[in-house]
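A.B. asks: Give me coordinates for this.
(one chain, ligands or ions: 2)
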Amino acid sequence: MSTLFLRTLRDDPADAEVPSHKLLVRGGYVRRLAPGIYSWMPLGLAVLGKVEQIVREEMASIGGQEVHFPALVPREIFETSGRWSDYGDTLFRLQDRRGVGYLLAPTHEELFTLLVKGEYSSYKDYPLVLFQIQTKYRDEARPRAGILRGREFIMKDSYSFDLTDDGLATSYQAHRDAYERIFTRLGFDYRIVFAVSGAMGGSASEEFLAPTPSGEDTFVQCENCDYAANTEAVEIQRPQVEDASGTPPQQVLDTPDTPTIDTLVERLNTLGLGRVFTAADTLKNVVLKTRAPGGDWELLVVGVPGDREVDLKRLAGQLEPVEVAQADADDLAAAPALVKGYIGPQVLAKAMIRYLVDPLVVEGSSWVTGANEHDRHAAFVTRGRDFTPDGEIGAVEIRDGDRCPKCGASLMIARGIELGHVFQLGQKYAKAFGLTALGPDGKPVTVTMGSYGVGVSRAVAAIVEQTYDDKGLCWPRSIAPADVHLVATIKDEAVYAAASVLAEELEANAVSVLFDDRWAISPGVKFKDAELLGVPTIVVVGKTYAEGQLEVRDRRSGESRQLPVAGAAAAIIAAVRG
Ligand code: ATP
Ligand code: MG
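C.D. replies: Ligands and ions are numbered 1, 2, ... in the order given. The predicted model follows:
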């Protein structure tokens, strides 16, 4: 370490919000150049290289072949796929000296599709899996979490090319299995969550998430079974259909000055309707608008129980590529049937306004809702009798305790970091670029693709989030920058010589050593650095050397033992190899 290009810091960097950011900077693994843009120092690069190696090995194990694309890509290619505009502000756009447009690629579906199209033409060429480990560029809106969300970052992206849906399903499964091996080898506690809801019949899309409080993604997991989904894709169990035969006819109530659900509930409970009402007994109708690609905005009213919020992101995930937004005052003014604060579904069909309800508004259920007149609500308004929605859509914001769609147990909300994504793309890019293969009958077949990403640089920070402790980093052995952190603590030539011999012996046995041979640095500082840097095994040659002993300490558990110097190498090698 006396010559290692490394300076550790005692204090957290001022701009750091999450533990991985603080510790990777303090440990001298990375340095920030600009928001979301980082340089990798020698120790950081060592970890990054190990992550890449594991990813490479597992990609090779499923027959993936490595290629490497430029990051600098002509604009035209992304215009063909539509992503020059779809990517919005997230895309880094630039021009060359002749004014020709380029971009720094945020991902490479287009280029892989074009490359395969250029080389392959027959059905006999397929299936195929290609991958690269490459730098991506995204002008993220809030690059706040260090290398967890960079504007320049390293991704492994791979793509499968098949001729049939079954082939795609097989390639997808192979990737999914490889990802399980990757994240296990990297030392992650991870969950595989649905990224599109099964109810919408979307093609398979799953995310690998690392649960951690600092994660930017919210997901839902069942406390009982293996169901897990991100909050955009989650489904919750439908309540039983209700029998409305005994429900009284709907009754219009005078409810002046009850613009909010709370004031309405308060009023309801003074009306002597023979029961106690809560917000959950009211039906809230939220006015939104949707726009299909190339179409105009259309109003959409969504009905949810009054104690629940509408989750726009969840709706958007299901409606894609149709856009959805909150309706504004102008939209409302153009629809006189909608009486603000008193909207009920009873009139929507007649007014030709599309109405969807959350599945919690079950067939036969009855509600207090707006009577579509100022200052009036109606009670006992019953689905299937007094109104019939145009359909159902999972619209409520999920909360702890909602029911699992698979087993009915409680769902819990947690935060996580997206480590990877496996996605059955289908024919979107093959169609856009005309990637076909000549079938055995001489007819062209459009290729079907899968797209699979791993956040390689993000993984380095994400594993820190799951493993750090109050002293510093705590690397899993598979990706630690070294196997052993060897510290010589006493200013004594004999101690340094013994430590140096040990280092050589370990290295000769393929155990990598970070040797703290800094003569002028105090033992206290050396110990603190060893803890901060997080190499899994710490070996100390110092105080007890005179008695022929050295200390071996496990960074994570803190357990330490004394070993005789003679024969210590063999014991350390055994410990390192586990
Ligand atoms: P996110 O939702 O976190 O923005 P994404 O869904 O846009 O990610 P993908 O396009 O699926 O990401 O990219 C594949 C993988 O690349 C992600 O699973 C993630 O691990 C990683 N990744 C995406 N954006 C970044 C980023 N800005 N910095 C670091 N890694 C990233
Ligand atoms: Mg994703």
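A.B. asks: For the residue in the stretch 51-200 of the chain that ligand 1 sits nearest to, give the beta-bridge partners.
C.D. replies: Residue of the stretch 51-200 of the chain nearest ligand 1, by CB to the nearest ligand atom: residue 153 (3.5 Å). Where C-beta positions appear, they are placed from N, C-alpha and C, glycine not excepted. The partner list for residue 153 in beta bridges (DSSP bridges) reads residue 136.
A.B. asks: how many other residues sit next to it?
C.D. replies: 22 (other CB atoms under 10 Å).
A.B. asks: can you pull the contacts of it?
C.D. replies: When contacts are counted by CB atoms under 8 Å, 6 or more residues apart in numbering, residue 153 touches 135-136, 138, 147, 455-458.
A.B. asks: By neighbour count, which of these wins?
C.D. replies: For the contacts of residue 153, neighbours were counted using other CB under 10 Å, and residue 147 has the most, 30 neighbours in all.
A.B. asks: Surely it touches residue 457?
C.D. replies: Yes. Using CB atoms under 8 Å, residue 147 makes contact with residue 457 at a distance of 5.2 Å.
A.B. asks: what about stretch 455-469, distance to the chain center?
C.D. replies: 13 Å (CA atoms, centre = their mean, to the nearest Å).
A.B. asks: List the buried residues in it.
C.D. replies: Using 16 or more other CB atoms under 10 Å as the test for burial, stretch 455-469 gives 455-468.
A.B. asks: Go through the residues you listed and flag which are in strands.
C.D. replies: residue 455 (DSSP state E).
A.B. asks: what's the spacing between the nearest residue to residue 554 once chain neighbours are set aside and ligand 1?
C.D. replies: Of all residues beyond its chain neighbours, the one nearest residue 554 is residue 537 (6.5 Å), with distances taken as CB to CB, 6 or more residues apart in numbering. Residue 537 is 29 Å from ligand 1, where distance means CB to the nearest ligand atom, to the nearest Å.
A.B. asks: Identify the bridge partners of residue 537.
C.D. replies: Here residue 537, judged by DSSP bridges, has bridge partners residue 484, residue 554.
A.B. asks: Contact partners for it?
C.D. replies: For residue 537, the contact set (CB under 8 Å, 6+ apart) comprises 483-485, 552-555, 572, 575-576.
A.B. asks: restrict the residues you listed to contacts with ligand 1.
C.D. replies: Filtering the contacts of residue 537 for proximity to ligand 1 by CB under 6 Å from any ligand atom leaves nothing.
A.B. asks: Among those residues, name the buried ones.
C.D. replies: 483-485, 552-553, 555, 572, 575-576.
A.B. asks: Between the residues you listed, which sits nearest residue 210?
C.D. replies: Among the buried ones among the contacts of residue 537, residue 555 lies closest to residue 210 (CB to CB), at 20.4 Å.
A.B. asks: How is residue 424 assigned, secondary-structure-wise?
C.D. replies: strand (DSSP: H, G, I helix; E, B strand; the rest coil).
A.B. asks: I figured it hits residue 206, correct?
C.D. replies: No. Residue 424 lies out of contact with residue 206 (CB under 8 Å); the separation is 9.7 Å.
A.B. asks: Would you map the strands across the stretch 251-400 of the chain?
C.D. replies: For the stretch 251-400 of the chain, the strands defined by DSSP state E, counting those that start in this stretch occupy 251-254, 283-291, 298-305, 323-326, 354-357, 366-373, 376-382, 391-392.
A.B. asks: Show me what the first one is packed up against.
C.D. replies: Meaning strand 251-254. Using 3 or more CB pairs under 8 Å, 6 or more residues apart in numbering; DSSP states H and E, the elements in contact with strand 251-254 are strand 366-373, strand 376-382.
A.B. asks: wait, what's in contact with the residue most central in space within the chain?
C.D. replies: Compute the mean C-alpha point of the chain, and by CA atoms, centre = their mean the closest residue is residue 418, 2.3 Å away. Shown in contact with residue 418 (CB under 8 Å, 6+ apart): 207-209, 216-217, 455, 458.
A.B. asks: Buried ones among the residues you listed?
C.D. replies: Using 16+ other CB under 10 Å as the burial test, those include 207-209, 217, 455, 458 as buried.
A.B. asks: Among those residues, which are located in helices?
C.D. replies: Judged by DSSP state H, the subset of the buried ones among the contacts of residue 418 located in helices is residue 458.
A.B. asks: Would you mind checking which of the buried ones among the contacts of residue 418 is nearest to ligand 1?
C.D. replies: Of all those, ligand 1 sits closest to residue 455, with 2.2 Å by CB to the nearest ligand atom.
A.B. asks: Correct me if wrong: the closest one contacts residue 463.
C.D. replies: No. Counting by CB under 8 Å, residue 455 stays clear of residue 463, with 11.2 Å between them.
A.B. asks: In terms of model confidence, name the weakest of the buried ones among the contacts of residue 418.
C.D. replies: On pLDDT alone, residue 217 ranks lowest of these, at 91.
A.B. asks: Report the separation between it and residue 461.
C.D. replies: Counting by CB to CB, to the nearest Å, the gap from residue 217 to residue 461 is 14 Å.
A.B. asks: How about residue 496?
C.D. replies: 35 Å.
A.B. asks: residues from the stretch 1-150 of the chain in reach of ligand 1?
C.D. replies: Residues of the stretch 1-150 of the chain lying close to ligand 1 (CB under 6 Å from any ligand atom) are 107, 138, 140, 149-150.
A.B. asks: Farthest pair within these?
C.D. replies: Across these, the longest distance by CB to CB is 15.0 Å; it joins 107 and 149.
A.B. asks: For the two, indicate the residue with more neighbours.
C.D. replies: Each of residue 107 and residue 149 has its neighbours counted (other CB under 10 Å); residue 149 has more, 21 against 17.
A.B. asks: List phi and psi for that one.
C.D. replies: Main-chain torsions, residue 149, degrees, to the nearest 10: phi -130, psi 90.
A.B. asks: Find me the pLDDT at it, would you?
C.D. replies: 95.
A.B. asks: hang on, isn't it packed against residue 143?
C.D. replies: Yes. Between residue 149 and residue 143 there is a contact under CB under 8 Å: 5.3 Å.
A.B. asks: joint contacts of the two?
C.D. replies: Contact criterion CB under 8 Å, 6+ apart; residues shared by residue 149 and residue 143: residue 36.
A.B. asks: Residue 490 contacts residue 543, correct?
C.D. replies: Yes. If you go by CB under 8 Å, residue 490 and residue 543 touch, sitting 6.7 Å apart.
A.B. asks: Please produce CSV containing the strands of the stretch 251-400 of the chain, extended by mean neighbour count, distance to residue 441 and mean pLDDT.
C.D. replies: CSV is the format used below for the strands of the stretch 251-400 of the chain (neighbours: other CB atoms under 10 Å; distance: least, CB to CB, whole Å; pLDDT from 0 to 100):
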stretch, mean neighbour count, distance to residue 441, mean pLDDT
strand 251-254, 14, 68, 94
strand 283-291, 20, 42, 96
strand 298-305, 22, 44, 97
strand 323-326, 15, 41, 94
strand 354-357, 21, 45, 97
strand 366-373, 23, 58, 95
strand 376-382, 21, 57, 96
strand 391-392, 12, 41, 96
